[in-house]
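In: Below are the sequence and a predicted model; questions follow.
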Amino acid sequence: MRPLLLAGFAALAAAACAGPDFTLGYSKTSGMAGAGLALRYEGTGAYPTNPAGLAYMQKFRLTNLDVGYVLDGVNFREANDLIKNSSKGGISPDDLSQIAKDFGGHDASFGLNARIGAGSSGINVGFEGKALARTTPNAQLKQWADAGADVNNPVPGMRLDGHGYGYTSFNVGYGRPVTTKDGTAMAVGAQMRFLRSYYTHHFVDQNQILNGGSTAASEMGGDDVLSKTGVGVDLGWHMESKGDKRVEYAVVLTNLIKPNVGFEGTEPGSLTPTTIDPFERSINFGIGFTGEKGQVAALDVINVGTHYADVRMGVDVPLSQQFGARAGYSGRGGFTAGVTLFNVSLTFGTTNTFQAGTFFRF
């Protein structure tokens with residue numbers, strides 16, 4: 001996973017300073033803050049994806065080809081040094097003492113993601129993966145870091161918690177048209193995901209911050225990394241409005257069959273239990289509009305039924321055959337902007353938000 005991600009990032013070195021969140025790839029919907037669940041020709045690139053859109057994909061095409069990162073409290077170079085692959089849960093316990101010295105004055109989050117998919121005749125096969133980590137210092141560590149992190153003058157009781165969650169997923173989807181009496185275009189689809197997830201939680205105390213080492217949190221049972229496998233199933237529906245085929249509607253049931261890839265963790269600096277699981281069952285609604293000159297607009301309401309419900313909206317305007325511009329807004333992620341250059345989409349803004357738990361997100 002890490003080589004795949006870093007290979008993409010090497011090509012982005014010049015753009016890495018442009019903002020805390022960056023995506024390069026095939027999907028235009030990232031520049032629309034992820035909105036586009038109902039867009040017939042763009043919905044396969046949105047997240048959560050609508051497998052019903054695969055019904056209209058009869059010729060071979062790429063459905064996903066994206067790499068991206070999100071940073072909070074660290075810069076690109078620092079995150080590149082610290083992030084570990086998904087099989088490490090996104091973070092290494094061996095690095096925590098150094099992280100405490102470097103970033104002990106504030107919370108830090110960093111993550112990487114990549115997706116690739118292709119299909120034909122209504123069938124899509126894809127692979128995706130994410131690795132994310134969060135470090136949380138307590139008040140004593142923040143005090144020590146703000147005072148200059150003098151190893152000869154530690155603050156008693158200082159501590160840093162490091163949480164990591166990563167997953168890889170192999171996805172297979174299928175969509176097919178549904179015949180209607182009045183000729184309205186309608187389709188249904190399903191996607192099955194085969195997932196492997198990884199979780200880690202370690203902390204360092206005053207002695208370990210100064211001298212190295214770390215301690216596994218209680219939920220780890222003495223292991224460095226916990227792992228699970230599971231299978232999830234999504235269902236999707238799509239319809240174009242009767243009389244005006246430029247208006248489209250979509251409904252997606254995400255994790256109708258829920259994959260058992262979550263973990264019961266503990267919050268930073270305590271034994272308070274918390275659930276680390278980004279794959280909750282939810283329902284998602286979308287509406288899209290396509291203009292006569294190819295301009296599109298979309299509005300989605302996603303993750304309904306969870307604590308992470310969101311509203312996303314976006315527009316895309318083609319300016320020429322090879323160039324287009326778009327913008328979007330997400331209630332959780334804020335504003336995004338993007339451009340298309342020769343069918344390659346570049347997006348700036350918080351499009352890579354990923355919620356793994358009540359406190360563990362960015």
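Out: Received, thanks.
In: Could you list the paired strands of the strand or helix carrying residue 288 along with their orientation?
Out: Using DSSP states H and E, residue 288 maps to strand 282-290. The strands beside strand 282-290 in its sheet (DSSP bridges) come out as strand 247-257 (antiparallel), strand 296-304 (antiparallel).
In: and that strand, which residues are buried?
Out: By neighbour count on 16 or more other Cβ atoms under 10 Å, the buried set for strand 282-290 is 282, 283, 284, 286, 287, 288, 289, 290. Glycine gets a C-beta too; all of them are placed from N, C-alpha and C.
In: Give the full set of residues in contact with the fourth one.
Out: For residue 286, the contacting residues are 35-39, 43, 50, 249-252, 298-301, by Cβ atoms under 8 Å, 6 or more residues apart in numbering.
In: Out of those, which one has the lowest pLDDT?
Out: Among the contacts of residue 286, residue 43 has the lowest pLDDT, at 49.
In: related to what we said a few turns ago, pLDDT averaged over the strand holding residue 288 - what is it?
Out: When pLDDT is averaged over strand 282-290, the result is 93.
In: try stretch 217-233
Out: 94.
In: Give me the buried positions along that stretch.
Out: Along stretch 217-233, the positions that meet the burial threshold by neighbour count (16+ other Cβ under 10 Å) are 217, 219, 220, 225, 226, 227, 228, 230, 232, 233.
In: Stretch 171-183 too?
Out: Across stretch 171-183, burial judged by 16+ other Cβ under 10 Å covers 171, 172, 173, 174, 175.
In: Tell me which of those residues fall in strands.
Out: Per DSSP state E, strands hold the following members of those: 171, 172, 173, 174, 175.
In: Could you give the bridge partners of the last one?
Out: Note on residue 175: beta-bridge partners residue 189, judged by DSSP bridges.
In: so it sits right up against residue 53, yeah?
Out: Yes - using Cβ atoms under 8 Å, residue 175 and residue 53 qualify as a contacting pair, with a distance of 6.3 Å.
In: what touches both of those two?
Out: Residues touching both residue 175 and residue 53 by Cβ under 8 Å, 6+ apart: 187, 189, 236.
In: which stretch of helix or strand covers residue 100?
Out: If you go by DSSP H and E, residue 100 is part of helix 96-103.
In: Repeat that for residue 182.
Out: Here residue 182, judged by DSSP H and E, is contained in no helix and no strand.
In: Report the separation between it and residue 247.
Out: According to Cβ to Cβ, to the nearest Å, residue 182 and residue 247 sit 15 Å apart.
In: Please save the CA atoms from the helix holding residue 100 in CSV.
Out: The C-alpha atoms that make up helix 96-103 are tabulated as CSV, following Å, rounded to 0.1, in the frame of the first residue of the first chain:
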residue,chain,number,x,y,z
LEU,A,96,5.8,7.7,19.2
SER,A,97,8.6,9.1,21.4
GLN,A,98,10.0,11.1,18.5
ILE,A,99,6.5,12.3,17.6
ALA,A,100,6.0,13.4,21.2
LYS,A,101,9.2,15.6,20.9
ASP,A,102,8.3,17.0,17.5
PHE,A,103,4.6,17.4,17.7
